[in-house]
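K.L.:
with the input below, show me the fold.
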Amino acid sequence: MRALDFPENASFKEVMDFVSGTTGLSFEDVLQCVLEKSNNEKDVIYKESGVTYTQALNRYYESSTYKNLALTSKISYDITLKQFTQYLNDALWRGVAECEKEIGDIKKYVIEDFLNSFTSGKKEGSSIAPRTLQRKLATLQAVYKYLLNEGIIMGKNPTKKIRLPKKSHIKPDYLIPDQVEKALDYSREGYFAERNFTILFFLLNTGARKEGVLRLDWEDIDFKSQAISLTEKGNKTRIVPLVPALADQLIYYQTVYKSIFSENPTGPVFVNIKGKYRGTRLTEEALRSFMNTVFIRLGFNDCKLHRTRRTYALQCLQDGMSLPEIKELLGHENVATTIDYLRFNNEDLRRTMFEHFPFAVLAYEKAREMV
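P.N.:
Predicted structure coming up:
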């Protein structure tokens with residue numbers, strides 16, 4: 001291979017550009033060759049770029065890429081980068097002078113350890129949601145992408161192919177009997193008491209999804225045949241049994257409905273009761289607002305409507321139903337989905353569920369072994 005002629009004092013990037021133009025290879029291909037031949041990626045790439053961590057971060061903050069972010073995104077980025085800097089100073093650069101904090105020190109494992117710190121209990125706030133953790137990784141990826149694209153730093157991107165850590169503790173997605181009783185009591189409070197109680201009772205006794213509640217019309221309830229037709233996601237329809245207790249509650253709610261709206265109820269079962277939208281179909285926002293209030297009072301920090309659906313499925317298993325029967329009731333396409341739906345995420349949850357639903361836990365574990 002012939003020697004290449006370039007100025008002796010050329011910067012690293014100037015050399016790379018020269019080689020790329022001379023050989024006809026892309027900048028990325030030339031860089032990859034250098035990395036593969038190098039025994040010390042940090043020395044060859046990052047040190048010759050002469051950029052410290054602080055300098056690189058300041059360049060990003062001064063860029064239009066950062067300045068053009070929405071205000072909420074800027075706040076989120078600022079929080080993550082502040083946390084990342086603090087982590088680096090505590091775990092990687094303790095006692096190191098600012099001018100010696102080289103961005104080349106930040107390898108892939110350092111970033112993984114930073115993300116792991118949010119779920120390992122080493123850091124306050126270890127119950128961070130997976131979506132929030134993903135946003136933190138996305139922030140670091142955006143910063144590195146800018147720095148590499150602009151040639152401010154050179155080398156492999158340490159944020160690539162990072163696997164986010166799994167949460168060490170997952171809260172139960174079921175309601176135990178005591179929680180069900182409290183939830184029903186909470187739903188009876190306030191101006192919308194009878195409607196809200198009926199919604200929650202309906203969810204717990206049908207395993208309905210949110211669409212099943214919001215799209216439910218009086219014509220979908222067959223009191224004579226004791227069946228309910230639910231139209232849910234994908235406009236798929238499934239039939240669930242109308243148990244006596246739910247039938248009694250719906251009949252009572254219907255009398256309340258008649259006293260407010262019409263002697264011959266048709267159309268949506270669950271409606272807005274006051275305001276300019278009085279009498280119109282209940283919105284998803286209103287449903288979530290009500291359920292969120294209930295779940296927060298129960299000690300949960302989210303509004304997962306599927307929590308009532310899983311509780312329904314677990315109760316069906318406790319009552320002696322088979323997994324194929326539950327699969328049909330839930331509207332799943334295969335039993336594997338139902339098995340995953342009823343999973344117990346950890347041993348603590350299994351012990352809790354066994355205390356309240358012993359037959360269901362044993363039946364689930366036996367069925368899972370046979371699949």
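K.L.:
touching, residue 249 and residue 201? I think so.
P.N.:
Yes: at 5.3 Å, residue 249 counts as touching residue 201 under the criterion of Cβ atoms under 8 Å. C-beta here means a position set from N, CA and C on the backbone, and glycine is covered the same way.
K.L.:
so for those two, which sits in the more crowded spot?
P.N.:
Comparing residue 249 with residue 201 by other Cβ atoms under 10 Å, the one with more neighbours is residue 201, at 21 against 17.
K.L.:
who touches the more buried one in this structure?
P.N.:
184, 245, 246, 249 (Cβ atoms under 8 Å, 6 or more residues apart in numbering).
K.L.:
excluding residues flanking it in the chain, which one is nearest the third one?
P.N.:
Translated: residue 246. In space, and not counting its chain neighbours, residue 246 is closest to residue 205: 4.3 Å by Cβ to Cβ, 6 or more residues apart in numbering.
K.L.:
how much space separates the one you found from residue 216?
P.N.:
Going from residue 205 to residue 216 by Cβ to Cβ, to the nearest Å gives 13 Å.
K.L.:
output the contacts of residue 201 as JSON lines; include the columns secondary structure and distance to residue 301.
P.N.:
Listed next are the contacts of residue 201 as JSON lines, based on DSSP: H, G, I helix; E, B strand; the rest coil; distance: Cβ to Cβ, whole Å:
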{"residue": "184", "secondary structure": "helix", "distance to residue 301": "21"}
{"residue": "245", "secondary structure": "helix", "distance to residue 301": "30"}
{"residue": "246", "secondary structure": "helix", "distance to residue 301": "29"}
{"residue": "249", "secondary structure": "helix", "distance to residue 301": "29"}
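K.L.:
of these, closest to residue 290?
P.N.:
Residue 290 lies nearest to residue 184 out of the contacts of residue 201, by Cβ to Cβ, at 12.8 Å.
K.L.:
so that closest one makes contact with residue 198?
P.N.:
No: in this structure, residue 184 is not within contact of residue 198 by Cβ under 8 Å, at 10.4 Å.
K.L.:
which one's more surrounded, those two?
P.N.:
Shown here are residue 184 and residue 198; by other Cβ under 10 Å, residue 198 has more neighbours (21 against 15).
K.L.:
before we move on, what SS does the spatially closest residue to the more buried one that is not a sequence neighbour have?
P.N.:
Closest residue to residue 198 apart from its sequence neighbours, by Cβ to Cβ, 6+ apart: residue 253 at 4.4 Å. What DSSP: H, G, I helix; E, B strand; the rest coil gives for residue 253 is helix.
K.L.:
what about the strands in the chain?
P.N.:
Here the chain has its strands, by DSSP state E, at 221-222, 227-231, 237-241.
K.L.:
so which of those comes closest to residue 289?
P.N.:
It is, among the strands of the chain and with distance given as Cβ to Cβ, strand 227-231, at 22.1 Å.
K.L.:
now the contacts of residue 201 as a markdown table including pLDDT and distance to residue 224?
P.N.:
Formatted as a markdown table, the contacts of residue 201 follow (pLDDT from 0 to 100; distance: Cβ to Cβ, whole Å):
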| residue | pLDDT | distance to residue 224 |
| --- | --- | --- |
| 184 | 93 | 27 |
| 245 | 95 | 17 |
| 246 | 95 | 15 |
| 249 | 94 | 17 |
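K.L.:
of these, closest to residue 221?
P.N.:
Nearest to residue 221 among those is residue 246, at 9.5 Å by Cβ to Cβ.
K.L.:
contacts only, for that closest one.
P.N.:
Contacts for residue 246 (Cβ under 8 Å, 6+ apart) come out as 201, 202, 205, 206.
K.L.:
how far away is the third one from residue 180?
P.N.:
If I follow you right, that is residue 205. If you measure residue 205 against residue 180 using Cβ to Cβ, the figure is 11 Å.
K.L.:
which one of these two has more residues nearby?
P.N.:
Just comparing residue 205 and residue 180: by other Cβ under 10 Å the higher neighbour count belongs to residue 205, 22 against 18.
K.L.:
on that earlier part again, mutual contacts of residue 205 and residue 216, please.
P.N.:
With Cβ under 8 Å, 6+ apart as the test, residue 205 and residue 216 reach no residue in common.
K.L.:
do you know the pLDDT at the residue nearest to residue 198?
P.N.:
Reported pLDDT at residue 253 in the predicted model: 92.
K.L.:
do the same with residue 126
P.N.:
Residue 126 is assigned 44 on the pLDDT scale.
K.L.:
now do residue 12
P.N.:
51.
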